[in-house]
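Peer 1: fold the following, please.
(2 chains)
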Amino acid sequence: MKIVNEVVKNFSIIFRSWVSLVLLVLGPLGLILLIGFTFGSQDIHSAKIGMVSGENVIPQSLLQNLTALAEVRQYAGVDECITDLKRGELHLCMEVSGEQDGSSALQRSFVKFTYDPSRAAVSSLLIKGINDLVGESSERISIESTRGILDNIQNMVSFLADKRSQVDDVVNESEQIRASLIVRRDRLAELDANFTPRYAEVKKIQQELGSQESALNSSKEDLDKQIAEQRAAMLSLRSMIWLFPSVSEMTGIEGVADVIIDGNTATITLLNGSAVVLNLSEQQPQARIALLLAALNGTLSDVDNSSAELSGTVDDAYGTFASSKSRIDAAVGVLDILNGTLKNEIMFTNESIMKIEKGVSAIQNISADLDSSLAQFSFIDPSTAEKIINPLLQEYKEVKEVRPIQRVFAGLLVMVLVFITLLFANILTLSEVNSAAYFRNLIAPVSTLLSPAGILLTNIFLVLFQATVLLLIAQTKFGIPVFSYAIEVYSLSLLLIVLFSLIGMGIAYFFPTAQTSILTTTFLALAFYLFSSIPTPLELMPQLAAALAQYNPVVMAEELFRKLIIYGVSITDSQNLLILLGVYIIGAALFVLAANKKMVDRFK
Amino acid sequence: MMIKSHPSHEHHPAAILELRNVRKIFGKRSVLDGFSLDIREGEILGIVGPSGCGKSTLFKILLGYYTPTTGEVLYKGKDIRRNLHLLRRAIGYTTQDDSFYSKLTVWENMRYYAGLYSVKKPRGELKEFIDALLEQVELSSAKDRLVENISGGMRRRLNFAISLLHDPDILVLDEPTTGLDPSLVRQFWKVVRRVASTGKTVIITSHIFPEVEEHCDRVAFMNKGKIQKTVDVKELLKSKRGVFDIFEEVLAS
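Peer 2: Residues are numbered from 1 along each chain as shown, chains lettered A, B, ... in the order given. I've put the predicted structure just below:
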């Protein structure tokens, strides 16, 4: 019964203080609930996939499935996608390329996945999910492809059968046209045979008329020349006659129109139509000469008139000949056209017959080919079959080759820093506030903040030393290039150390009893760890837990360290996280101030 | 050295600390019930009273840790509420328990508190100064030992030495000899007397009345949150009465 007595005593002590109750009963219970809260999901959420693809390359069915699985962001280039992957804004990059063979049903896509190995848990789950989707999509695409091909084959067969009968009709019609054309060609040949001799004869007449026309032209030109010369001579003679005195002057007869000499008689015709007859021998020589010249002039005038009349008659005859000649030429021109047309028509008809014969022959060949094609569907070759069976080819690649220790180092570093810092700060503060010297220090002529500031600084140096040892091991033993980013690694470490030093100090000031304080600190460190992305990625936590856990400074620091150490992404790239860490530090500092005041007032 | 000339106790020198109608109330409980007390420069003032009479609260007010609810405390005529650092620099406090770092050596503790109290001396002189002070409290031989390894008497002397580091005008000693064996008590008082002889004002609480009678110039009797009576030890002894007699009277009243 003594052991029962001991147990009763222990429980009495535990339940006497609310702090003990919280730490020993509710604390572990809270941690268990936290574990349940954090690990209570198997589904992935908030995943982001970057997709790099040309238009219409990614199968729509796969795209729809992916959208249900993760947020899909489109990228124009691979480099931009990889950069965002390294910055932690994506979980995967999908580079999709397509192989077109002209048939949409037989399109094959190549999908290259680039993933972040430092977030292997999420990446692997995401890839597994995508694999399932790709498998489904492939099957669906295969079924759709096969169905499409069979439909096409069916359509093609009925189409070809239909066209096959139409081809026969076309061949028959072509044969009939060909026969008609042959008849027509024969008639034209017969017509040509009759026409050609007569045409040649007419052409000969035309040539002869041409020769005659030349001769006639030459004669006419000579005649016209002679008439002109004759008329010129007569005009000259008459001009000379006109120099002599007129009949009226020599005979005194007025109104003389014309004089005619017949032997020795001169008949003078007057203008009024009456005539006077004179005996030449009776006339004076001058009168006789005048009468003779008048008669000569009249004769010359008649000759001139006759010459003119002759010339006109010749002109008329020549014009009639020329007109006849041109009509004959026009008729021969028509005959030429007719002859040419006839020849062309015969030639065209021949060509048409030949074309029809050739076309019929080609159609008959096509018919034979169609018959052969309908008999066998050999176009489905092995590569086509492979495309049907496996339309999506996949390739997986790490964005950067990372060894296992590198993957976990960021989380390891953060947790080492957090645990060491919290516990060191807590124990240092506890040893100070519980030291015999504490009250003496309170009444010293210095600020009450001197001691917390000293503890903070001491802890920073202490943990930075520990961190340096860890970083040296990482650099030399694990080959992780932490010192390539020394300034940023130390800056971020410093932020983390300050934050968790303040938290550890605040706990010590708030719970100055060593056991209580260390237990609280340990629980808190465990809570920071369990509720972080180190044991389980946020994307695998329940959404509410993930939404809260993203503000866990351990999560923030792990992300910053991971991106920096593995991919060289500067911490200044995530200014929001740094600002938030700064806010946490200010909050923790206020907590320390309040807890320190409570501690200082403890002696009052 | 910090040894100053001994002021004359015969002429009732001016008060270095003046408490004027000091009252301290925690919640509804009045711990100090409004009293006045002048502490003279250079005297050794003993404060005696039963447990819970308000001595610790009074000390914390004198140390500037508490502020009186009403009334005022003047240091050399200046209100300490507006001159807290002045008061803290002027007071050296020796607690009845250890008040230093046990994981440091004697010398390291001295150096730390010299820094905390802004004892400004060139590097070599500071060492000489600390060594001289340790010699004065007879701790030179133990100066390089961890405090956790030295004896109780040495710790009391270290406590005392630390309170002397910044050359305070006033020494406040809270039951400094409780728990010490007689030889250590004698050794301790020997040091206090030596320091007091340099003109420091010493305020001491003790339940050991014979040592109060032996070493104090005046004794203030405290009860129920008030200084009930102040007596001059020499005159008390001349009247053939002792501190215990007055103590009983105060309790009876």
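Peer 1: by contact count, what packs against whichever strand or helix holds A:I32?
Peer 2: Using DSSP states H and E, the element containing A:I32 is helix A:27-38. The helices and strands touching helix A:27-38, judged by 3 or more CB pairs under 8 Å, 6 or more residues apart in numbering or on different chains; DSSP states H and E, are helix A:514-530, helix A:543-549. For every residue, glycine as well, the C-beta is placed using N, CA and C.
Peer 1: off-centre distance for stretch A:550-558?
Peer 2: Stretch A:550-558 sits 44 Å away from the centroid of its parent chain (CA atoms, centre = their mean, to the nearest Å).
Peer 1: residue contacts, A:K400?
Peer 2: A:K400 makes contact with A:K86, A:P117, A:I566, A:Y567 under the criterion CB atoms under 8 Å, 6 or more residues apart in numbering or on different chains.
Peer 1: where do the helices sit along the stretch 151-300 of chain A?
Peer 2: Secondary structure of the stretch 151-300 of chain A (DSSP state H, counting those that start in this stretch): helices at A:247-251, A:285-375.
Peer 1: then the stretch 151-253 of chain B?
Peer 2: For the stretch 151-253 of chain B, applying DSSP H, counting those that start in this stretch gives helices covering B:152-164, B:182-196, B:209-215, B:233-238, B:243-252.
Peer 1: count of residues packed around A:N152?
Peer 2: Neighbours of A:N152 under the rule other CB atoms under 10 Å in any protein chain shown: 13.
Peer 1: what is the helix or strand hosting A:V463 packed up against?
Peer 2: Taking DSSP H and E as the criterion, A:V463 maps to helix A:450-476. On a contact count with 3+ CB pairs under 8 Å, 6+ apart, helix A:450-476 meets helix A:404-433, helix A:486-510.
Peer 1: next to chain B, which bits of the stretch 401-550 of chain A? Give me the list.
Peer 2: The stretch 401-550 of chain A has residues A:S435, A:A436, A:A437, A:F439, A:R440, A:N441, A:L442, A:I443, A:A444, A:P445, A:V446, A:L450 near chain B, with proximity defined as CB under 8 Å from any CB of the partner chain.
Peer 1: mind listing what the residue in the stretch 51-200 of chain A positioned nearest to chain B touches?
Peer 2: Nearest residue of the stretch 51-200 of chain A to chain B (CB to the nearest CB) works out as A:S118 at 43.1 Å. Shown in contact with A:S118 (CB under 8 Å, 6+ apart): A:V402, A:Q406, A:R407, A:A410, A:R562, A:I566.
Peer 1: check what pLDDT it gets.
Peer 2: Among the per-residue scores, A:S118 holds a pLDDT of 79.
Peer 1: give me the neighbour count for the residue lying closest to B:G179 once chain neighbours are set aside.
Peer 2: Leaving aside its sequence neighbours, B:G179 sits nearest to B:G152 (CB to CB, 6 or more residues apart in numbering or on different chains; 7.1 Å). B:G152 has 12 neighbours, counted by other CB under 10 Å.
Peer 1: next one: A:Y567
Peer 2: Neighbour tally, A:Y567, other CB under 10 Å: 18.
Peer 1: repeat for B:L45
Peer 2: 23.
Peer 1: how near is it to B:I61?
Peer 2: 15 Å (CB to CB, to the nearest Å).
Peer 1: and for A:L243?
Peer 2: Distance of A:L243 to B:I61, given as CB to CB: 183 Å.
Peer 1: next one: A:S174
Peer 2: The value you get for A:S174 to B:I61, if CB to CB is used, is 131 Å.
Peer 1: next: A:N131.
Peer 2: Distance of A:N131 to B:I61, computed by CB to CB: 78 Å.
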